[in-house]
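# Attaching a predicted model along with its sequence, questions to come.
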Amino acid sequence: MGKAIEVTDLKKVFHTRKKKLFRTFEKKEFKAVDGVSFGIYEGEIFGLLGPNGAGKTTTIKMITGLLRPTSGYVRVMGIDVDKKPMDALSKIGTVLAGDRSIYWKLTGRENLEYFAALYGCSRSEAKNRAAKILDRLGLNEKADELVEKYSTGMKQKIALGKALIPNAPVVLLDEPTLGLDPQSALNLRQIILDIKNEGRTVLLTTHYMEEADFLCDRIAIVDGGKIIALDTPSNLKKSINDIKLINIEVDNAPYDMLNEIKGLSSIQKVISRYDEEKRDYILSIHHTDSNELMQKIIDCISVSGCRILNINVKEPSLEDVFIHLTGKSLKEKVENDETA
Ligand SMILES: Nc1ncnc2c1ncn2[C@@H]1O[C@H](COP(=O)(O)OP(=O)(O)O)[C@@H](O)[C@H]1O
Ligand SMILES: [Mg+2]
């Protein structure tokens, strides 16, 4: 199978200036993308999964040619993006997170027809493409209303529609379901699967692991500008299959107690985080099994005077893979990410 996208040792260094006293500046270098390589096969849905600030959007912008890499190269459908940016761009439809290019004072239909015209379509072809896309997005009823009256979900759909207008073989979607309610997110995910079923290649970024798990054929987990794992969702989960997981909710998580638990045999990692909503602590305990372990953990907790509110033993999810690799959670603020 051919490669739709090839990214080789891609780096982006941002130079920032931090203001100091008396109009002096401290120059800083920041590696947003730090030597990323991957290949995406034609017809695949490939995901970049990582927390905010991992470098996902920066990577997508370099693939579209919107940002120039500090080093490394990108090929789209065999075309070098740096050498032939316009040729490469003709192979790509993109929607960036928080895309502001949709015109709120135009209707959904007018937006899509306008973008089709920008891609050089004739008037009748523009009308035709816009109508087809509105139909598949389920926006027929609202097609002639102003976008400013659309719900967030409908605005996201129109942004996705814009990415479909060029009829390009490669579609890049940056956080396509960000901020959507579950029903709209599900709806949009179904449309993304349809895009794949047409034989197109999709690269999407997300920090929702269920989304990556549901949609992607393969996933690169990114953190701090680097790929820390790359495989199919099931292989990623299998990679920590010999690791077992216990989640325990406790009313408090003092340092001494955590250390006691970390000191038990067959413990791999203990991660404690504060749950703002429940106002309690969740201990994620990664271990390699021992039948008496659960009792020993319970003993450590009760000796320290803390109360156990809930215990569950889990199958590893992609979130757990991420926690295992990085010691921190994708979605929650980590209180104490020390490892045992
Ligand atoms: N133009 C820029 N100048 C300086 N730093 C930037 C710029 N764009 C992004 N960054 C930084 O690079 C890092 C990666 O950003 P981004 O690619 O947007 O992450 P993600 O999409 O994974 O959330 C962040 O720490 C961000 O603050
Ligand atoms: Mg981003």
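Ah, there it is. Ligands and ions are numbered 1, 2, ... in the order given.

# who touches whichever residue of the chain sits closest to ligand 2 in this structure?
Nearest to ligand 2 in the chain, going by C-beta to the ion, is Thr57, at a distance of 3.2 Å. Heads up, the C-betas are built off the backbone N, CA and C, glycines and all. Counting by C-beta atoms under 8 Å, 6 or more residues apart in numbering, Thr57 touches Leu96, Ala97, Asp174, Glu175, Thr205.

# Quick check: which of these are also close to ligand 1?
Counting by C-beta under 6 Å from any ligand atom, nothing from the contacts of Thr57 sits close to ligand 1.

# the helices in the stretch 1-150 of the chain, which residues?
Using DSSP state H, counting those that start in this stretch, the helices of the stretch 1-150 of the chain run over residues 56-64, 85-89, 108-118, 123-136.

# returning to that earlier point: scan the contacts of Thr57 and report the most crowded one.
For the contacts of Thr57, the largest number of neighbours (other C-beta atoms under 10 Å) sits with Thr205, at 26 neighbours.

# Ile45 is in contact with that one, correct?
No. The criterion here is C-beta atoms under 8 Å, and Thr205 misses it with Ile45 at 11.9 Å.

# so what's Lys314 bridging to?
Assessed by DSSP bridges, Lys314 has beta-bridge partners Leu245.

# which residues does it contact?
Contacts for Lys314 (C-beta under 8 Å, 6+ apart) come out as Leu245, Ile246, Asn247, Asp320.

# Ile5: which of the contacts of Thr57 is nearest?
Taking C-beta to C-beta as the measure, Ile5 sits nearest to Thr205 out of the contacts of Thr57, at 13.1 Å.

# Residue numbers of the stretch 1-150 of the chain in contact with ligand 1?
Neighbours of ligand 1 within the stretch 1-150 of the chain, by C-beta under 6 Å from any ligand atom: Phe14, Thr16, Phe30, Ala32, Gly50, Asn52, Gly53, Ala54, Gly55, Lys56, Thr57, Thr58.

# With adjacent residues omitted, what lies nearest to the second one?
I take that to be Thr16. Lys28 (4.9 Å; C-beta to C-beta, 6 or more residues apart in numbering).

# In terms of residue numbering, what are the domains of the chain?
As recorded under automatic domain parsing, the domains making up the chain are 3-91+168-237, 240-326.

# How about the contacts made by Ala140?
Check again: residue 140 is Asn, not Ala. By C-beta under 8 Å, 6+ apart, the neighbours of Asn140 are Leu134.

# Tell me the spacing between it and Glu125.
Distance from Asn140 to Glu125, counting by C-beta to C-beta, to the nearest Å: 19 Å.

# any idea of the pLDDT on Ser284?
Listed pLDDT for Ser284 reads 88.

# what about it, helix or strand, and which?
According to DSSP states H and E, Ser284 maps onto strand 280-287.

# residues making contact with that strand?
240, 243-253, 258, 261, 266-275, 293, 297, 309, 320, 323-324, 335.

# Pull the number of nearby residues for the closest residue to Asn310 other than its chain neighbours.
Excluding its sequence neighbours, the residue lying closest to Asn310 (C-beta to C-beta, 6+ apart) is Glu249, at 4.1 Å. Glu249 has 16 neighbours, counted by other C-beta under 10 Å.

# how about the strand holding Ser284 as CSV, C-alpha atoms only?
C-alpha atoms of strand 280-287 as CSV (Å, rounded to 0.1, in the frame of the first residue of the first chain):
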residue,chain,number,x,y,z
ASP,A,280,-11.6,13.1,46.5
TYR,A,281,-8.4,11.5,45.4
ILE,A,282,-8.1,8.8,42.8
LEU,A,283,-5.2,6.4,43.1
SER,A,284,-4.3,4.6,39.9
ILE,A,285,-2.2,1.6,40.8
HIS,A,286,-0.3,-0.2,38.1
HIS,A,287,1.0,-3.6,39.2
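
# Having no further points to raise, I will conclude here.
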